[in-house]
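Participant: no sequence on hand, only this structure:
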């Protein structure tokens, strides 16, 4: 008994020292970006520091597409919608004659997108609305359990950035509550966000459709209508943050101009704040794009970010590893 | 050192036993209601039990008005609005000539309400919309720090039910995450919910107005518009729960038919579930009302609740104490 107690005592002393000695961000190269993150976390978590922030106020918000996982060659949610059209087709014989479904079923994505926004909307409405929340979640689960990225040949949920997973864990280990705040659909993300990112459904904020409560055979269901309740992008992100969280984050992480207002809202507030933009500049290991890309356009953030003290992360130089499967 | 270790060891063994021996709900009289709560919590938290629920799924939702605090003679949020009209009056000289403001400023509440819904809406719009979220919160804080209940002569935030505070603590001590899901305005509650109930802003769900992100002198603000984003009452409660939480609660607590769908949604789901209705039947210590009351109408819940296995709490018989100030 005595020996056991002593051992326990020694372990209690040694473990924190070991943790301190361990690098919390091993996939980040040493450099300004990594140091800025660590300095910020130390400042806001050191009691007595003028920048100290109490645990309940340690809110960090993360964009998803392009920030936590890839978003090329197309937003993964849109690739889900394309795949889902094929899954749903047997119950929609009329699609064989109607665009954009006809082209999708013929494997002609370019043809499907020729109709522009109208086609995109038709695809979204068909795959994301009209069903119950449970039915939608089941369709996302089936897809995310099996569908693979066209280039990496991995599950989409494996195409997540290892350095960002480490960052999420590092923040949580320091008392932060981590939220997703994404233009993507809230229920699309909730299906796998807890398993992949450790972020529970109640900490996922996203674009949402108005829901309708209904009894079907006496059992309550929620029907996903076609009306947008929240468009959680650009100016919509601070709105989503206030609606769901009710406090201004002390740190925000994004990658595109769709995140500009979230970072602006976060870093304009009183007290120590942190803004970070992931810059996709590694065509070899992932993708390289910014100002000219339709997906994840990043222009204003590159120009104004540095002036506002935001950290611009170079995926090429700052990240030792991008995916865990590398 | 050895003695210290032994002492520590002994304390570790004894403390849980002491906690077990302590009554977690001292303001509840022994009886079926209290026993039903304790049995439910034991069932879902005992590992190996067929009813065991993992910690992340232990979601409990609470209505606010009439469930956590009083709601008579009028919803407290409406009493805030009335008081706030008086605070705002100096900047609105035109109100002296216009109803319902004229009557409010003359101290004639009956006259103010004579205009029915139109008057109520005018009062709500004037006091709840058009300002920034920060300005609104400041007005609620100033009011809740000073305004007193007409009968109890206590701060409104003191007119909270001691047995429900104990219940919130008891659930949290057993790994539950506690949420408010109220027809009241989300930002009205967030100002004091953390201090009074231990419920942080991100766990408050309520009726909300659409917000507009705007820069004022380069500083971001959120303007409260007049458009309702979510009416978090009746069928709106399961919608608010899905939007904000994304899981079905395993326990729901209400007091009026405005909570019916929340309890229905919660207790219809698969697995062990718990529904509870607080029945206001104690005119002496609080108020007595149900089917005939315009505020907190309870009729369907009284008829159908028992058939559905919901616990109907008699404030008169089940609660030893209602307010901590008694």
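Facilitator: Perfect, I can see it now. Keep in mind the model is a prediction, meaning the values are calculated, not measured. Residues are numbered from 1 along each chain as shown, chains lettered A, B, ... in the order given.
Participant: going forward, measure contacts and count neighbours with C-alpha atoms only.
Facilitator: Noted.
Participant: so residue A:159 sits against residue A:285, correct?
Facilitator: No - using CA atoms under 8 Å, residue A:159 is not in contact with residue A:285, being 11.5 Å away.
Participant: with neighbour numbers in mind, choose between the two.
Facilitator: residue A:159 (21 against 14; other CA atoms under 10 Å in any protein chain shown).
Participant: go through the helix or strand harbouring residue A:111 and flag the buried ones.
Facilitator: Element membership of residue A:111, judged by DSSP states H and E, is helix A:109-113. For helix A:109-113, burial by neighbour count (16 or more other CA atoms under 10 Å in any protein chain shown) applies to A:111, A:112, A:113.
Participant: how near is residue A:165 to residue A:275?
Facilitator: 17 Å (CA to CA, to the nearest Å).
Participant: check residue A:284 too.
Facilitator: Taken as CA to CA, the span from residue A:284 to residue A:275 is 26 Å.
Participant: higher neighbour count, those two?
Facilitator: Higher neighbour count among residue A:284 and residue A:275: residue A:275, with 26 against 8, using other CA under 10 Å.
Participant: rewinding a little: dump the buried residues of helix A:109-113 into JSON lines; add pLDDT and distance to residue B:92 as well.
Facilitator: What follows is the buried residues of helix A:109-113, written out as JSON lines (pLDDT from 0 to 100; distance: CA to CA, whole Å):
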{"residue": "A:111", "pLDDT": "91", "distance to residue B:92": "60"}
{"residue": "A:112", "pLDDT": "91", "distance to residue B:92": "57"}
{"residue": "A:113", "pLDDT": "88", "distance to residue B:92": "54"}
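Participant: what's the closest of the residues you listed to residue A:28?
Facilitator: Nearest to residue A:28 among those is residue A:113, at 37.9 Å by CA to CA.
Participant: check contacts around the closest one.
Facilitator: By CA atoms under 8 Å, 6 or more residues apart in numbering or on different chains, the contact set of residue A:113 is A:100, A:119, A:120.
Participant: am I right that the last one is in a helix?
Facilitator: Yes - using DSSP: H, G, I helix; E, B strand; the rest coil, the assignment for residue A:120 is a helix.
Participant: how many other residues sit next to it?
Facilitator: Residue A:120 has 16 nearby residues by other CA under 10 Å.
Participant: ok, now the first one?
Facilitator: Taking other CA under 10 Å as the criterion, the count of residues near residue A:100 is 25.
Participant: show me what contacts it?
Facilitator: Contacts of residue A:100 by CA under 8 Å, 6+ apart are A:111, A:112, A:113, A:115, A:119, A:122, A:123.
Participant: 10 Å instead, please
Facilitator: A:108-116, A:118-123 (CA atoms under 10 Å, 6 or more residues apart in numbering or on different chains).
Participant: roughly how far apart are it and chain B?
Facilitator: According to CA to the nearest CA, to the nearest Å, residue A:100 stands 30 Å off from chain B.
Participant: likewise for the last one?
Facilitator: Residue A:120 sits 24 Å away from chain B, taking CA to the nearest CA as the criterion.
Participant: next up, phi/psi of the residue nearest in space to the middle of chain A, please.
Facilitator: Centrality entry for chain A: nearest residue to the mean C-alpha point is residue A:64, 1.7 Å, by CA atoms, centre = their mean. Main-chain dihedrals, residue A:64, degrees, to the nearest 10: phi -100, psi -70.
Participant: what ranges in chain A fall below the confidence cut-off?
Facilitator: A:1-21 (pLDDT under 70).
Participant: mind listing the strands for chain A?
Facilitator: A:59-62, A:177-185, A:204-216, A:219-230, A:251-254, A:274-279, A:311-314 (DSSP state E).
Participant: how much does the second one deviate in direction from strand A:219-230?
Facilitator: Orientation check (axes from the mean of the first three to the mean of the last three CA atoms, to 10 degrees): strand A:177-185 against strand A:219-230 gives 80 degrees.
Participant: can you give me how far strand A:177-185 is from the chain middle?
Facilitator: 6 Å (CA atoms, centre = their mean, to the nearest Å).
Participant: helices or strands up against that strand?
Facilitator: Applying 3 or more CA pairs under 10 Å, 6 or more residues apart in numbering or on different chains; DSSP states H and E, one finds that strand A:177-185 contacts strand A:59-62, helix A:76-88, helix A:162-173, helix A:186-197, strand A:204-216, helix A:236-244, strand A:251-254.
Participant: just these: most buried one?
Facilitator: strand A:251-254 (a mean of 27; mean count of other CA atoms under 10 Å in any protein chain shown).
Participant: quick revisit: shared neighbours, residue A:159 and residue A:285?
Facilitator: What both residue A:159 and residue A:285 touch, as defined by CA under 10 Å, 6+ apart, is the set A:152, A:322, A:323.
Participant: so who does the second one touch?
Facilitator: If I follow you right, that is residue A:322. Applying CA under 10 Å, 6+ apart, the residues near residue A:322 are A:27-28, A:69, A:159-164, A:282, A:285-286, A:315-316.
Participant: need the max-distance pair from the residues you listed.
Facilitator: A:28 and A:159 (17.2 Å).
Participant: buried residues in stretch A:154-161?
Facilitator: So for stretch A:154-161, counting by 16+ other CA under 10 Å, buried means A:155, A:156, A:157, A:158, A:159, A:160, A:161.
Participant: pretty sure the fourth one contacts residue A:165?
Facilitator: Put plainly, it is residue A:158. No - between residue A:158 and residue A:165 there is no contact under CA atoms under 10 Å: 11.4 Å.
Participant: overlap in contacts of the two?
Facilitator: Residues touching both residue A:158 and residue A:165 by CA under 10 Å, 6+ apart: A:69, A:196, A:323, A:324.
Participant: which among the residues you listed count as buried?
Facilitator: If you count burial by 16+ other CA under 10 Å, the buried members of the shared contacts of residue A:158 and residue A:165 come out as A:69, A:323.
Participant: okay, now stretch A:228-248: how far is its last residue from its first?
Facilitator: 24 Å.
Participant: how far does it sit from the chain's center?
Facilitator: That offset, for stretch A:228-248, works out to 14 Å (CA atoms, centre = their mean).
Participant: count the neighbours of residue A:217 for me.
Facilitator: With other CA under 10 Å as criterion, residue A:217 counts 6.
Participant: please tell me how far it sits from residue B:237.
Facilitator: 20 Å.
Participant: same check, this time on residue A:300
Facilitator: Counting by CA to CA, the gap from residue A:300 to residue B:237 is 39 Å.
Participant: quick one, domains of chain A?
Facilitator: Using automatic domain parsing, the domains assigned to chain A come out as A:26-71+A:154-318, A:76-144.
Participant: closest one to residue B:263 among these?
Facilitator: Here domain A:26-71+A:154-318 is closest among these (CA to CA), at 10.7 Å.
Participant: which residues touch the closest residue to residue A:275 other than its chain neighbours?
Facilitator: Leaving aside its chain neighbours, residue A:275 sits nearest to residue A:310 (4.7 Å; criterion: CA to CA, 6 or more residues apart in numbering or on different chains). Contact analysis of residue A:310 by CA under 10 Å, 6+ apart lists A:33, A:36, A:252-253, A:263-264, A:267, A:273-277, A:301-302, A:304.
Participant: got the contact list for residue A:62?
Facilitator: Here residue A:62 is in contact with A:68, A:164, A:168, A:178-182, A:204-205, A:251-255, A:259, A:262, A:276 (CA under 10 Å, 6+ apart).
Participant: for it, which residues count as its bridge partners?
Facilitator: residue A:180, residue A:253 (DSSP bridges).
Participant: measure stretch A:173-191 end to end?
Facilitator: Stretch A:173-191 end-to-end distance (CA to CA) = 24 Å.
Participant: distance of the nearest residue to residue A:188 once chain neighbours are set aside from residue A:134?
Facilitator: Leaving aside its sequence neighbours, residue A:188 sits nearest to residue A:140 (CA to CA, 6+ apart; 6.3 Å). To residue A:134, residue A:140 is 10 Å away according to CA to CA.
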